[in-house]
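J.: Got a predicted structure here, sequence first:
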Amino acid sequence: MIAPAIFASVVIFCMGSMAYVYKYRGKARYESVGEYLRKGWPIFTPLNCLLYLFTKKRARKPIMDPHDFPELKPLQDNWETIREEAMALYKDGSFDPIGDPNNASFYDVGFRTFYKYGWRKFYLNWYGGYIHESAKKRCPRTLELLKNIKGINGAMFSLLPPGSKLTRHLDPAACSLRYHLGLSTPNNEACFINVDQQSYSWRDGDAFLFDETFIHYATNQSDDYRLILMCDVERPLGIFGKLVNFFYKSIMPLTVVPNTDEDRRGLANRIFHGLVPLLQRSKELKKTNIVKYRLLKWTVNTVLLLILAGIVFGVLQLIAWIFNL
């Protein structure tokens, strides 16, 4: 059995991590505990805080200087080549809402809530070394550039049409940093992203790098679309941080989403693909019977929490057994 002192220390660290993220990390604050529970991904907070602790100095800010990451410079140097392939996708309709949650064949568990506000994407590659077959045919030069840059965990083209937006959110896992390269943008302040109360407007050929686990949002209030290359870049970590990050990078390949039928679909998306009809019915129930909807919602969330607690307890037991605690 795991020593009570070890178990108590883990519980205290987990609770302290959640309090730190909710109350003190960054300038942007959650409006309420409810918003934090809905959008803050608290179950991932303890692992994220371990990664923050072991993150190297150059990446300990909400927004970073791309010049501190010279390995990414070839992307900016070749932005016009990348833009050419992205524009070809845009012109032939490859950014149409294939990933819309109403289209069960291409359900995107990671970005499912973004589509209703207009956001669109085309995946290039993803964690675990997977390269989309559709991207191999359509974007060979961009893939060649990405292949030669160490630390690119995943990449996609991201489209934000006029009048669209991404509401306040943060990404659940701190395993990567987020890189944006402007390809075809409005080139003005009407189209911007705000990260931890700091705003940045995209420009063609300019690079932007930030920590996506800070609260952020984006909007395009211009009359032109915004097209960028978006990459998940390896978080600079010490040896202990890399050990923690191994867990995240082991599960992220499960979230692979296809662009077309020829691409692979990860296990997580297969599971949620099967749940799409249930999710659609729950939305209908929310409109017709809010009491039953809330009962269903809290029942499902409680079951998921108990499953997670069981997994965590099992891991602690394993650690105790390994170290004979």
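T.: Received, thanks. Numbers count the residues shown, from 1 in each chain.

J.: Tell me if I'm right that Arg141 and Ile82 touch.
T.: Yes - under the criterion of C-beta atoms under 8 Å, Arg141 makes contact with Ile82 at 7.5 Å. (C-beta placed from N, C-alpha, C; glycine too.)

J.: who's more crowded, these two?
T.: Taking neighbours as other C-beta atoms under 10 Å, Arg141 and Ile82 compare with Ile82 leading, 24 against 12.

J.: from memory the more buried one sits against Glu144, does it?
T.: No - taking contacts as C-beta under 8 Å, Ile82 lies outside contact range of Glu144: 10.5 Å.

J.: can you give me the strands for the stretch 151-300 of the chain?
T.: 152-160, 165-169, 176-184, 191-195, 198-201, 207-210, 216-220, 226-234 (DSSP state E, counting those that start in this stretch).

J.: and the angle from the third one to strand 191-195?
T.: Following axes from the mean of the first three to the mean of the last three C-alpha atoms, to 10 degrees, one obtains 170 degrees for the angle between strand 176-184 and strand 191-195.

J.: gap between strand 176-184 and the chain center?
T.: The chain centre lies 13 Å from the centre of strand 176-184; the measure is C-alpha atoms, centre = their mean, to the nearest Å.

J.: what's the least confident helix or strand in the chain, going by average pLDDT?
T.: helix 290-322 (a mean of 66; mean pLDDT, DSSP states H and E).

J.: that older thread, in JSON lines: the strands of the stretch 151-300 of the chain, plus mean neighbour count, distance to Glu71 and mean pLDDT.
T.: Listed next are the strands of the stretch 151-300 of the chain as JSON lines, based on neighbours: other C-beta atoms under 10 Å; distance: least, C-beta to C-beta, whole Å; pLDDT from 0 to 100:
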{"stretch": "strand 152-160", "mean neighbour count": "24", "distance to Glu71": "9", "mean pLDDT": "97"}
{"stretch": "strand 165-169", "mean neighbour count": "15", "distance to Glu71": "27", "mean pLDDT": "91"}
{"stretch": "strand 176-184", "mean neighbour count": "22", "distance to Glu71": "11", "mean pLDDT": "98"}
{"stretch": "strand 191-195", "mean neighbour count": "21", "distance to Glu71": "22", "mean pLDDT": "98"}
{"stretch": "strand 198-201", "mean neighbour count": "16", "distance to Glu71": "21", "mean pLDDT": "97"}
{"stretch": "strand 207-210", "mean neighbour count": "21", "distance to Glu71": "12", "mean pLDDT": "98"}
{"stretch": "strand 216-220", "mean neighbour count": "22", "distance to Glu71": "24", "mean pLDDT": "96"}
{"stretch": "strand 226-234", "mean neighbour count": "23", "distance to Glu71": "9", "mean pLDDT": "97"}
